[in-house]
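**Q** the following comprises the amino acid sequence and a computationally predicted model.
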Amino acid sequence: MTTLKAFLRREVRPALGCTEPGAVALAVARACEELTDRESVAAIRVTVSGSIYKNGMAVGIPGAKGARGNALAAGLGALVGRSAYGLEVLRDTTDEDVRKAQCWVEDERVSVVCDPERTGVYVLAAVFTPTHKAVCLISGSHDRIVQVTLDGQRTFELPETPGSPSGAASEEDLPETLEETLKLLDQMDREDEDFLMEGVVMNRTMADVGLEGDVGAAGFGRALQDLLSSGDVCDDLPTRIRVACTAAADARMAGALLPVMSSAGSGNHGITAILPVALTGEHLGKSRRDIARALGASHLATSFVKRRLGRLSPVCGCAVAAGAGAAAGITALLDGTPEVVSASMELLLANLAGMLCDGAKESCALKVGVGACEAFLSARFALEGRALSLPQGVVGASLEQTVENVARVNREGMKTVDRVIIDILDQRHALAR
């Protein structure tokens, strides 16, 4: 069974930019580190799963000032990426690096292709120089480097630990019920508290960038803030939560060169899981430790849903999984019993379970804002005793059954959704050439 520290170390991490192109850049960077002639890269060929392809096609790359896409991330991974930075692999990006990477893409020196038979997180990056070929495979999670080869010879292979394919505590180590999962919070010490609160600072900083900086044409968070200031929308806690979360996702999707604290492998999940809980706690004058404990509950509940949906899925995990997590965190913060916490998550899932993931891009900010706001409302409804009274729709007789029902809809009912979306994206890309 996992510990709270192992869980936080695995599932709650700083991430720079969208984690899908981040995984592409990381795989390319790690492959390049095998090369003695890295400065002579002639070609980069990357094969990715449908989910990685879809999520990386139209999202801003950190430091690229609005430039987008997996291919650009791959080029930057070769030019400036450092695998030691993990999901902050492009931390050192400069304007000159972006210019060079864009030239590589235009010259077709970089290609990213989709393998429709691959699901979840899968990135196979091959880097060619005049004398060498280096390959890196990432699979299972965004920074899980499984194998590296140089000229066909294996130079690294991730050792497998029984029950834990990543070599660390795996999602399968979590208890089967939410109530048992949340008992991990009893292990929280001051180090965990400080780490959880660090995520609040990081994600609030990103929200400030979204509200104050130039994040492109959308700027939905700033637009909502303007509506609030003019009195066109109500200045209340749910709206302020929505403003902050929307603005943070605005900046992140535009490629702001700042990290956010992620949750369950996604920065947008982290925004949704963290900011609603923190803002509610501050509004109500809760102690630092109470807020940190509620944040831990939010991350644990997010992963509880996410491990059943899959790391990447046709369903918008930012609103569905992290929204349910935030509902759990807010409910726990307000002293809800385990039964009430479960009820809040069921309300969120009953509301948003069908929200579609059509790739990472600027409109994700809208979904993040919706998930965050609905998390607060679901928590308040549940605390007032307004739980669903009987199984209905995807809602089952228990939270665990409800999550499994949502996962089944995702797994069986929506199994062709990604292919349809990718076809739409590819057609649009072909017309734009």
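**A** Looks like it came in fine.

**Q** show me how far stretch 136-145 is from its chain's centre.
**A** Centroid separation for stretch 136-145 versus its chain: 15 Å, with C-alpha atoms, centre = their mean, to the nearest Å.

**Q** okay, that stretch in CSV with CA atoms only?
**A** Below are the C-alpha coordinates for stretch 136-145, written out as CSV (Å, rounded to 0.1, in the frame of the first residue of the first chain):
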residue,chain,number,x,y,z
CYS,A,136,13.6,7.1,-26.2
LEU,A,137,10.3,5.6,-25.3
ILE,A,138,7.9,7.2,-22.7
SER,A,139,4.9,5.1,-21.7
GLY,A,140,2.4,4.9,-18.9
SER,A,141,2.8,8.4,-17.5
HIS,A,142,4.2,11.7,-19.0
ASP,A,143,7.7,11.5,-17.5
ARG,A,144,8.0,7.7,-17.3
ILE,A,145,11.1,6.9,-19.5
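
**Q** could you find the closest non-adjacent residue to the residue of the chain most remote from its centre?
**A** Of all residues in the chain, residue 131 has its C-alpha farthest from the mean position, at 37.1 Å, by C-alpha atoms, centre = their mean. Of all residues not flanking residue 131 in the chain, residue 37 sits nearest, at 6.3 Å (C-beta to C-beta, 6 or more residues apart in numbering). All C-beta atoms are positioned from the backbone trio N, CA, C, and that covers glycine.

**Q** which parts of stretch 78-91 are buried?
**A** Under the neighbour-count criterion of 16 or more other C-beta atoms under 10 Å, stretch 78-91 has 78-83, 85-91 buried.

**Q** show me where the stretch 51-200 of the chain has its helices.
**A** With DSSP state H, counting those that start in this stretch as the criterion, the stretch 51-200 of the chain has helices at 70-79, 95-106, 178-182, 190-212.

**Q** which of these is buried the deepest?
**A** Stretch with highest mean neighbour count among the helices of the stretch 51-200 of the chain: helix 70-79 (a mean of 29; mean count of other C-beta atoms under 10 Å).

**Q** so that one versus helix 95-106, what angle?
**A** Helix 70-79 and helix 95-106 are oriented at 120 degrees to each other (axes from the mean of the first three to the mean of the last three C-alpha atoms, to 10 degrees).

**Q** which stretches of the stretch 101-250 of the chain form strands?
**A** Per DSSP state E, counting those that start in this stretch, the stretch 101-250 of the chain carries strands over the ranges 110-115, 122-128, 133-139, 145-150, 153-157.

**Q** quick one: closest of these to residue 381.
**A** Among the strands of the stretch 101-250 of the chain, strand 122-128 comes nearest to residue 381, with 38.7 Å by C-beta to C-beta.

**Q** if you count contacts, what does the closest one end up packed against?
**A** In this structure, strand 122-128 makes packing contacts with helix 19-32, strand 43-49, helix 70-79, strand 133-139, judged by 3 or more C-beta pairs under 8 Å, 6 or more residues apart in numbering; DSSP states H and E.

**Q** what is the neighbour count of the residue nearest to residue 131?
**A** 12 (other C-beta atoms under 10 Å).

**Q** and it, what does it touch?
**A** 129, 130, 131, 132 (C-beta atoms under 8 Å, 6 or more residues apart in numbering).

**Q** so which of those is the closest to residue 70?
**A** residue 129 (21.2 Å).

**Q** distance check, that closest one against residue 38.
**A** Going from residue 129 to residue 38 by C-beta to C-beta, to the nearest Å gives 7 Å.

**Q** helices of the stretch 201-350 of the chain, start to end?
**A** 220-230, 237-254, 267-283, 288-309, 321-333, 338-352.

**Q** the last one vs helix 288-309, what angle?
**A** Going back to what we said before, that points to helix 338-352. Using the same axes, to 10 degrees: helix 338-352 against helix 288-309 is 50 degrees.

**Q** helices or strands up against helix 338-352?
**A** Here helix 338-352 touches helix 178-182, helix 288-309, helix 321-333, helix 364-383, helix 399-408, going by 3+ C-beta pairs under 8 Å, 6+ apart.

**Q** and the ones you listed as CSV, adding distance to residue 14 and mean pLDDT?
**A** Putting the helices and strands packed on helix 338-352 into CSV (distance: least, C-beta to C-beta, whole Å; pLDDT from 0 to 100) gives the following:
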stretch, distance to residue 14, mean pLDDT
helix 178-182, 23, 96
helix 288-309, 14, 97
helix 321-333, 16, 98
helix 364-383, 18, 98
helix 399-408, 27, 96
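
**Q** ok, which of those comes nearest residue 66?
**A** helix 364-383 (14.8 Å).
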